[in-house]
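Novice: Turn this into a structure:
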Amino acid sequence: EQLLKERRRKGRSESGVVFELTDKGREMARTLKKMLEAGPVEHGPLRQLAATEVSEVYKHVTMSVDFREGGGGRHNLHKMCNHLETLCVPYVVRELKIADYVFFVDNKLAPYLIERKSIEDIANSIVDGRWERQQRNMRMAQYVLGGGSARKCHIGYLIEGDTSRQVVHGGKVGRASWGQSEQDVEDAISSLPKLGFFVIRTKSMMGSMQKLAKVAEDVSWRKENGSLDATITYEEFLTTMRGCDKRL
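Specialist: Here you go, the predicted model:
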């Protein structure tokens, strides 16, 4: 339905073209005015699955992707989203405070948190301290989302790439200045299960998106058979986390 229409009396316009709002246009204008008067609203997703229907295997779940993933929109984020589109995974791209991928059942946060790391990023994060800091945050989130000491929340790392292919001059991974050998990186990865993290390893971005699709499918299946507890919203989760760590 049109929001504008041409006026019949056009004498007051030098160009001879005059428009006015239709009844539908006036209704839309009043709605927009109310929205502006109400103040700023929360930003919507930066990108999401462009589909009106989803596969039965995903019917209970939506995966949320951090907007910085893949280096953000100027780098590989949209390529990653394209892979998810091909796989028909319901997803949205938003800012996440904890983890790179989380999963929603309706509007409740599922007890699954995944951090994605390239081999090069692991070497770099070991040096700058992010490796241990992110693990502390994930374990804290596991405590909050998994019912306290029961820790009924799955936390894991999606490791992308082949360590041997990231070795540069001097036998170091990523950059020689980081000082991380191939063994250092592999030792860091192998320590994760002992710390309570599951580990998924892939060779490529496409492989990573396929694995995430399988996790989304598993979350939906667990919801279907009643073995998954999703009881708090993301805002409730963040509020509790802020009480634990003031930096969030």
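
Novice: only C-alpha atoms for contact and neighbour calcs from this point on.
Specialist: Fine.

Novice: hang on, residue 159 packs against residue 117?
Specialist: Yes: Residue 159 lies in contact with residue 117 (Cα atoms under 8 Å); the separation is 5.1 Å.

Novice: What is the neighbour count of residue 227?
Specialist: Neighbourhood size, residue 227 [other Cα atoms under 10 Å]: 10.

Novice: how near is it to residue 110?
Specialist: Noted for residue 227: a distance of 11 Å to residue 110, by Cα to Cα, to the nearest Å.

Novice: what's the answer for residue 219, then?
Specialist: 8 Å.

Novice: now residue 165
Specialist: Distance, residue 165 to residue 110, using Cα to Cα: 35 Å.

Novice: Also residue 169?
Specialist: According to Cα to Cα, residue 169 and residue 110 sit 43 Å apart.

Novice: Which one's more surrounded, the two?
Specialist: residue 110 (28 against 9).

Novice: Any idea how many residues pack against residue 236?
Specialist: Residue 236 has 14 neighbours, counted by other Cα under 10 Å.

Novice: Pull the residues that contact the helix or strand containing it.
Specialist: Residue 236 is part of helix 234-244 when elements are defined by DSSP states H and E. Contact with helix 234-244 is made by 97, 107-109, 140-141, 144-145, 248, as judged by Cα atoms under 8 Å, 6 or more residues apart in numbering.

Novice: Which members of these occur in strands, if any?
Specialist: Of the contacts of helix 234-244, the ones assigned to strands by DSSP state E are 108-109.

Novice: Buried among the contacts of helix 234-244? Make that a PyMOL selection.
Specialist: Those of the contacts of helix 234-244 that count as buried under 16 or more other Cα atoms under 10 Å are selected in PyMOL with:
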select buried, resi 108+109+140+141+144+145
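
Novice: In CSV, list the contacts of helix 234-244 along with pLDDT.
Specialist: Conversion of those to CSV gives the following (pLDDT from 0 to 100):
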residue, pLDDT
97, 90
107, 87
108, 93
109, 94
140, 93
141, 94
144, 92
145, 91
248, 47
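
Novice: What is the nearest of the contacts of helix 234-244 to residue 175?
Specialist: Of all the contacts of helix 234-244, residue 175 sits closest to residue 97, with 27.8 Å by Cα to Cα.

Novice: and the most centrally placed residue in the chain, which of the three is it?
Specialist: For the chain, the residue sitting closest to the mean C-alpha position, by Cα atoms, centre = their mean, is residue 65 at 1.4 Å. What DSSP: H, G, I helix; E, B strand; the rest coil gives for residue 65 is strand.

Novice: still on that earlier bit, and the helix holding residue 236, which residues are buried?
Specialist: 234, 237-238, 241.

Novice: what's the answer for stretch 125-142, then?
Specialist: For stretch 125-142, by 16+ other Cα under 10 Å, it's 125-126, 131, 135, 137-142.

Novice: Tell me which residues are up against that stretch.
Specialist: Contacts to stretch 125-142, defined as Cα under 8 Å, 6+ apart, come from residues 98-99, 111, 113, 122, 148, 151-155, 178, 241, 244.

Novice: which two from those end up farthest apart in space?
Specialist: Spanning the widest gap among the contacts of stretch 125-142 are 148 and 178, at 36.7 Å by Cα to Cα.

Novice: Next, the buried residues of stretch 90-101.
Specialist: Buried residues in stretch 90-101, counted by 16+ other Cα under 10 Å: 90-96, 98-101.

Novice: Return the subset of those lying in strands.
Specialist: In strands, judged by DSSP E, the following of these are found: 91-94, 101.

Novice: Now residue 21, what are its backbone angles?
Specialist: With angles defined as degrees, to the nearest 10, residue 21 sits at phi -70, psi 140.

Novice: Bridged to it, which residues?
Specialist: Counting by DSSP bridges, residue 21 is bridged to residue 4.

Novice: Is there a neighbour count for it? I'd like the number.
Specialist: So residue 21, with other Cα under 10 Å, has 16 neighbours.

Novice: Sounds good, over and out.
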